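Engineer: structure for the following, please:
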Amino acid sequence: MRTRLMVLYVLVAVMLAVLGVRLWQVQVVKGRQYVAAAAETRTRAVVVPAVRGQILDSSGRPLVRNRTALVVSVDRTSLTRMKNGGRDVLQKLGDVLGKPVGQLEKRIRSCGPGVTRPCWPGSPYQPIPIDDRVTTREALQILERQEEFPGVTAEVQAVRQYPQGTSGAQMVGYLQPVTQEELERRDGLKAGFSGVDLVGRDGLESVYDEALRGKPGLRRVQVDRLGKPLGLEQQVSPVPGDTLITSIDSRVQNVVQRAVDGAMNKAPKADGAAGVVLDARTGRVVALASAPGYDPTIWTGGISEKEYQTLLSDKAGKPLVSRAIKGEFAPGSTFKVSSVAAMLRSGYPLGGQYGCPGSFMVGDRPFNNFRGIGLGTLSLHTALVKSCDTIFYKSAYEQWLKDGGLHPKRPPKQPFENTARAFGFGRPTGIDLPGESAGRIPDRDWKKALWMQTSGVTCHRSRTGYPEVKDQARAAFLKRLAHENCLEGFLLRPGDAANFSIGQGDVLVTPLQLASAYAALVSDGRLRSPRVGWALVRPDGTPVRRIEVPVRGRLPISEKERLYIKGALSEVASDGTAAGAFSGFPMDKVRVGGKTGTAEVWGKEDTSWFASFAPTSKPRFVVVVMVSQGGMGGQTAAPAVREIYEGIYGIKRPAALSDGRTAARLPLIARDGTVAR
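Structural biologist: Model (predicted):
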């Protein structure tokens, strides 16, 4: 018994010694570390997103603004640590919000391959908003019973609102959550991203995202063990984003959108349209419209799989794509301003007389004038007004022969192609919008590069033919064409040169490129890079920076030649191919000039164009309308342009611009953020 007691004493002494050593380690050696850890568990860092800056038109009217809304968000990371993955919490939340738990589970799952929308496209480590139309009563039920809703927050946030509706939706852009991959890939974004706000995905929202986003704030809150807030420990206020003032006039924008929508609806087979209005003097964008359009509010609060697929579908006309800057189309006769300049650079006399027969032989193939009608002997002035094709076929064919024809000299001069590039075609204009297309200027190098890429397929088809084509005559033609392209598809043929001269064949331009070229032609000869943004200012009106319009080149013609071409275009709407569309228009009040274009597309209706400017004496506006599968230029596009000018100048309707002028000065923003004028 005595021995047992001694052993027990020793064990107790050892245990007390171990406990004492451990207490010494905890309280002395690692005391500060545990104190800091304990303090940390009693605080919560809450990131406070900055209010995103507004986007205004040139007079201070909102294109995009914010509305305050009660937003319920879920921390998915917290839910995954709970029993049943937090399904019980989601069930209670669904009962409060009136939403099925299955719908909430879909909203918080990560998007990825094989996952249909709705889903969360952003980082899984940030709060996921699941409802931005919560009532005050619903929010209070969540906040007052926080122990029943761990990982769920309800707070007032700013939500994007689009007062202009569908008008200019592609230009404005939209917001989406930043993804975890983007955060890891873009250090600059990671530093400026709050983890709960959104990032611009397209349009102005994307280009000016950093300025619009502002800087997030931070709030450290003391909480109890249940997560209920006890007090504020630290607060760093967020810095609101800058306000973007654009050169867009919302009144003109709405006029243009209605006009292109109407033009598309009037053409039975039309599948898209675009309208561009530039300030001819400055190169700033006054309006930019594309049809079909869509409602940008579809992105707010998440988008369903059906809605998302509709935005991308051919059946709906791919409304997410801006045809004004991304659509590439053959320009037809609107391209002849470049071809006239190419003729003048090649030595053809400005005051010369040129035959306009009904047909001209290019190599061994006849190329016909429109409807095969001959117009006799014309000046270049009349050739533009009446839109003669054969004059341009002949000059392009002659220059092709001078370059060596099928056996070109090195280097070939290619005056028509190089002049087109000097007019800004074949390269992006550099507008401050993302995703702009470059168009296409098909020269000899392009032809060879295309052959290198496609010769394998064409040579295979030259042997196998096209058994899937039911029309035997068509199948035989395609097989012969494949055989020809296999053997010599790298050659620029005489027909390619002839088609190029009238904006056909493989030539592609965007409506914005055409508008930019015409603005240079009718103003001062300077080719500018159009800008939608005009200035960035702080919410209290303090200027941040003015967005200038850069000059990117000059037209390759003299002042005399430029004015000659402009003078010819000034008669097209009164005495030329657009006279029918402008019949009865008050030319004595506003004289309109321009050029129609009717571009043939195999298997489809013609592409309808009208590129214009007004007033012709001192042009203030350049207006371009394109309607895909719209038919003749004078039939569809020109009437739409007329409607735009009637809206701008108040002909038959109230004027969009009271004096026919856009805003010359930036709107004044007061210290409280309101527009002073």
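Engineer: CA only for contacts and neighbour counts going forward, please
Structural biologist: Fine.
Engineer: residue 377 and residue 595, how far apart?
Structural biologist: Here the criterion is CA to CA, to the nearest Å. By it, residue 377 lies 20 Å from residue 595.
Engineer: more crowded one of the two?
Structural biologist: Set residue 377 next to residue 595 and count neighbours by other CA atoms under 10 Å: residue 595 wins out with 33 against 15.
Engineer: does the more buried one sit in a helix, a strand or a coil?
Structural biologist: Look at residue 595: counting by DSSP: H, G, I helix; E, B strand; the rest coil, its state is strand.
Engineer: same check on residue 616?
Structural biologist: Taking three-state DSSP, the label given to residue 616 is coil.
Engineer: need the contact list for it.
Structural biologist: With contact set as CA atoms under 8 Å, 6 or more residues apart in numbering, residue 616 has these partners: 570, 591-593.
Engineer: quick one, longest strand in this protein?
Structural biologist: For the chain, the strand with the greatest residue count under DSSP state E is strand 62-74.
Engineer: before we move on, the earlier item: which pair of the contacts of residue 616 spans the longest distance?
Structural biologist: 570 and 591 (7.9 Å; CA to CA).
Engineer: who has more neighbours out of the two?
Structural biologist: Shown here are residue 570 and residue 591; by other CA under 10 Å, residue 570 has more neighbours (25 against 18).
Engineer: rewinding a little: quick one: distance of the longest strand of the chain to the chain centre.
Structural biologist: For strand 62-74, the separation from the chain centroid amounts to 23 Å (computed by CA atoms, centre = their mean, to the nearest Å).
Engineer: so what's the spatially most central residue of the chain up against?
Structural biologist: Closest residue to the average C-alpha location of the chain: residue 203 at 4.5 Å, with CA atoms, centre = their mean. Contact partners of residue 203, counting by CA under 8 Å, 6+ apart, are 170-174, 433-434.
Engineer: thought residue 198 was touching residue 159?
Structural biologist: No: between residue 198 and residue 159 there is no contact under CA atoms under 8 Å: 10.0 Å.
Engineer: need the CA coordinates for stretch 326-345. CSV is fine.
Structural biologist: C-alpha atoms of stretch 326-345 as CSV (Å, rounded to 0.1, in the frame of the first residue of the first chain):
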residue,chain,number,x,y,z
LYS,A,326,-17.4,44.0,-85.1
GLY,A,327,-19.5,43.3,-88.2
GLU,A,328,-17.5,42.9,-91.4
PHE,A,329,-19.4,43.4,-94.7
ALA,A,330,-18.6,44.1,-98.4
PRO,A,331,-19.1,47.9,-98.7
GLY,A,332,-20.3,48.0,-102.3
SER,A,333,-20.2,51.4,-104.1
THR,A,334,-19.6,53.4,-100.9
PHE,A,335,-16.0,52.1,-101.3
LYS,A,336,-15.6,54.0,-104.6
VAL,A,337,-14.3,57.1,-102.8
SER,A,338,-11.1,55.1,-102.2
SER,A,339,-11.1,53.8,-105.8
VAL,A,340,-11.3,57.4,-107.2
ALA,A,341,-8.4,58.3,-105.0
ALA,A,342,-6.5,55.3,-106.2
MET,A,343,-7.1,56.3,-109.8
LEU,A,344,-5.8,59.9,-109.1
ARG,A,345,-2.7,58.5,-107.4
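Engineer: how far away is residue 407 from residue 492?
Structural biologist: Applying CA to CA to residue 407 and residue 492 gives a distance of 9 Å.
Engineer: is residue 257 part of a helix or strand, or is it coil?
Structural biologist: Secondary structure for residue 257, judged by three-state DSSP, is helix.
Engineer: neighbour count: residue 407 and residue 492, which is higher?
Structural biologist: Shown here are residue 407 and residue 492; by other CA under 10 Å, residue 492 has more neighbours (21 against 10).
Engineer: how about that one, nearest residue that isn't a chain neighbour?
Structural biologist: Sequence neighbours aside, residue 444 is the residue nearest to residue 492 in space, at 5.7 Å (criterion: CA to CA, 6 or more residues apart in numbering).
Engineer: returning to that earlier point: which is the next helix or strand following the longest strand of the chain?
Structural biologist: Next helix or strand after strand 62-74 toward the C-terminus (DSSP states H and E): helix 76-80.
Engineer: mind listing what's buried in that following helix?
Structural biologist: 76, 79 (16 or more other CA atoms under 10 Å).
Engineer: quick one: that helix to chain centroid distance?
Structural biologist: With CA atoms, centre = their mean, you get 36 Å for helix 76-80.
Engineer: so what touches whichever helix or strand comes after it?
Structural biologist: Using DSSP H and E, the next helix or strand after helix 76-80 towards the C-terminus is helix 87-97. Outside of helix 87-97, the residues within contact range by CA under 8 Å, 6+ apart are 79, 100-101, 104-105, 134, 138, 141-142, 148-150.
Engineer: for helix 87-97, which positions count as buried?
Structural biologist: Result for helix 87-97 [16+ other CA under 10 Å]: buried residues 87-91, 93-94, 97.
Engineer: now swap in stretch 350-357 and tell me
Structural biologist: By 16+ other CA under 10 Å, the buried positions in stretch 350-357 come out as 350, 353-357.
Engineer: residue 543 versus residue 425, what's the distance?
Structural biologist: 35 Å.
Engineer: which of those two has more neighbours?
Structural biologist: For the pair residue 425 and residue 543, the greater number of neighbours falls to residue 425 (26 against 14), based on other CA under 10 Å.
Engineer: OK, contacts around that one?
Structural biologist: 438-441, 509, 513-514.
Engineer: repeat that for residue 173.
Structural biologist: By CA under 8 Å, 6+ apart, the contact list for residue 173 reads 200-206, 296.
Engineer: switch the cut-off to 7 Å
Structural biologist: By CA atoms under 7 Å, 6 or more residues apart in numbering, the residues touching residue 173 are 201-206.
Engineer: out of these, who's the most crowded?
Structural biologist: residue 205 leads the contacts of residue 173 on contacts (other CA under 10 Å) with 26 neighbours.
Engineer: and it, what element?
Structural biologist: Counting by DSSP H and E, the element that carries residue 205 is helix 203-207.
Engineer: can I get that helix as CSV, trimmed to CA atoms?
Structural biologist: The C-alpha coordinates for helix 203-207 follow below in CSV (Å, rounded to 0.1, in the frame of the first residue of the first chain):
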residue,chain,number,x,y,z
GLY,A,203,-18.2,48.0,-74.0
LEU,A,204,-17.4,51.1,-72.0
GLU,A,205,-17.8,49.2,-68.7
SER,A,206,-14.7,47.1,-69.8
VAL,A,207,-12.5,49.8,-71.3
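Engineer: okay, now the sheet partners of the longest strand of the chain, with direction.
Structural biologist: Strand 62-74 has the following strand partners under DSSP bridges: strand 55-56 (antiparallel), strand 128-131 (antiparallel), strand 152-161 (antiparallel).
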